[in-house]
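1. Sequence first, predicted coordinates after that:
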Amino acid sequence: MLEIKNIQTGYGKKQVLFGTSLDVKQGEIVAIIGPNGAGKSTILKAICGLIPVWNGEIIFKDTPINGSSPAKNVSRGITFCPQGNRVFDELSVIENLQIGGIHLKTTELKERIDGVLQLFPILKDRLRQNAGKLSGGEKQMLALCRALIPKPKLLMLDEPSLGLSPNLVSAAFEKILEINKNTGMAVLIVEQKVREVLKISHRVYGLKLGKVEFAGLPEEIMHSEQLRRVFL
């Protein structure tokens with residue numbers, strides 16, 4: 001579904017990725033792990049079109065998407081849920097959800113919103129509340145719901161556990177796994193809580209200084225003392 005071939009990119013003159021390659025197949029949950037500054041979030045931003053790719057190629061469903069805008073990539077079936085509980089604080093919960101389906105007709109948008117609220121029923125009681133007044137966990141739920149509104153083929157998540165309590169972290173990962181199993185949606189997830197994300201992932205890439213240092217199965221990391229020292 002997604003293939004990244006030797007991409008190089010960064011911010012301004014600062015290069016962050018140095019020939020990074022990975023792929024995601026239909027229906028997979030693929031994790032990207034690694035220390036701070038490894039380039040994990042930069043990969044997601046390059047895929048969705050938030051930053052330009054200097055060299056290399058990004059292919060989604062057999063179509064090169066280098067240079068495509070984030071809006072165009074959403075229409076192709078790629079959505080991105082950034083880290084930090086990114087919601088529109090001054091808008092209500094329902095308005096945040098409506099933004100996720102701004103391109104949809106009214107009837108279809110209502111059906112999509114009803115569908116995502118089945119996943120996170122706690123938000124049903126807060127639809128008219130300003131998103132800025134939600135708890136950190138509720139904001140994370142809202143951001144995820146908004147990313148699901150377009151029914152993406154590939155859902156990209158950047159640190160979905162950030163700011164969540166331990167109980168909510170487990171619940172968040174269980175919900176991601178549930179979405180994957182029930183819809184077949186592919187998920188590419190960047191996460192610092194490595195042990196937790198390995199439990200739900202089919203494959204994993206380990207990044208270090210903008211390069212892939214490991215690509216394989218989650219259990220390979222758990223069973224290797226050397227890999228555990230690097231990535232856990």
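-> Great, that's in hand.

2. Could you use CA atoms for every contact and neighbour count after this?
-> Fine.

3. the strands in the protein, which residues?
-> Along the chain, the stretches classed as strands by DSSP state E are 2-11, 14-24, 29-33, 55-60, 63-64, 78-81, 154-158, 186-190, 203-208, 211-216.

4. how much space is there between the closest residue to Gly10 other than its chain neighbours and Ile78?
-> Closest residue to Gly10 apart from its sequence neighbours, by Cα to Cα, 6 or more residues apart in numbering: Val16 at 4.6 Å. Computed as Cα to Cα, to the nearest Å, the Val16 to Ile78 distance reads 22 Å.

5. what about the two, which has more around it?
-> Applying other Cα atoms under 10 Å to Val16 and Ile78 shows that Ile78 carries more neighbours, namely 24 against 20.

6. how near is that one to Ser201?
-> Distance from Ile78 to Ser201, counting by Cα to Cα: 19 Å.

7. cool, Cys48 as well?
-> Noted for Cys48: a distance of 21 Å to Ser201, by Cα to Cα.

8. what does the helix ranked longest in the chain rub up against?
-> If you go by DSSP state H, the chain has its longest helix at helix 166-183. Residues from elsewhere that reach helix 166-183 (Cα atoms under 8 Å, 6 or more residues apart in numbering): 27-29, 119, 137, 160-161, 185-187, 196-197, 200.

9. can you check stretch 68-78 too?
-> Cys48, Gly49, Leu50, Ile65, Thr79, Pro150, Lys151, Pro152, Lys153, Leu154, Leu155, Met156.

10. Great, nothing more from me.
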